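**Q** with the input below, show me the fold.
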Amino acid sequence: MRTRMEIPMRMGMARAAAGHLRLALTAGALVVALLGVAACTGTAPGGPTATGPAPTVTGAPTGAATSVPPTAPAQVPDVLRFTGTTLTGAAFDAAQFAGKPVVLWFWAPWCATCASQAWTVAEIAPKYRDTVPIVGVAGLGEQRAMKEFVTEFDLAGTIQVDDRKGVLWKRFKVTEQSIFVIVDRTGKVVHQGFLDGEALSARVAALAGA
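**A** Residues are numbered from 1 along each chain as shown. Prediction:
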């Protein structure tokens, strides 16, 4: 037989158990709700929050080959539409200088003025070979004398066209020596006449920097 004191004690224990059960159910419901929110936002509780739009990938993938349009060749001006043969026997085509300034030097092997200018040409021609090429046009003499002139004044590093027949001299209306014909990068003749060493150096330097 239960005593009067056991009944109240058992009832109190039942109430406590029920209270614990309610707390557990409430906590479980809260966890479920948080998980539901996380599922909607795409992030777990406590993790980083993504803000703003997703990054947009533009351009070609890294390492992908890109095509570069080819550069159109420079149009050959009329003044450079001529060919010839150098004193070394190589074929020469003035069209190779299209798009860049060029200096044509008309000289003769027996000309004292040409000899004085030869030192300047030999000095500056290698420096400006790729920017303002200087091309000698030898005439009014024998080939042997022309070659000796080139050797004596160290002009072997520059192009020297053999024009013993005077074809280019007539084409450019050269009637005396030494004459410089300067053509700018557009194909326009900007000087035709005599130049001393200092003036020639200044002209070529200016063309190289233009």
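**Q** low-confidence ranges, the protein, go.
**A** Per-residue confidence for the chain (pLDDT under 70) gives these ranges: 1-72, 210.
**Q** tell me where the protein has helices.
**A** Along the chain, counting by DSSP state H, helices occupy 6-41, 112-124, 143-152, 167-171, 197-209.
**Q** so which bits of the shortest one are buried?
**A** Neighbour-count burial for helix 167-171, counted by 16 or more other CB atoms under 10 Å, picks out Leu168, Trp169. For every residue, glycine as well, the C-beta is placed using N, CA and C.
**Q** residues making contact with stretch 142-159?
**A** Contacts with stretch 142-159, where a contact means CB atoms under 8 Å, 6 or more residues apart in numbering, come from 86-87, 92, 107, 109-110, 114-115, 118-119, 121-122, 125-126, 129, 133-136, 138, 160, 162, 164.
**Q** the same query, at a cut-off of 7 Å, please.
**A** 86-87, 92, 109-110, 115, 118-119, 121-122, 125-126, 134-136, 138, 160, 162, 164 (CB atoms under 7 Å, 6 or more residues apart in numbering).
**Q** same thing with stretch 190-200?
**A** Stretch 190-200 has contacts (CB under 7 Å, 6+ apart) with Gln117, Thr120, Ser178, Ile179, Phe180, Val181, Ile182, Asp184, Arg203.
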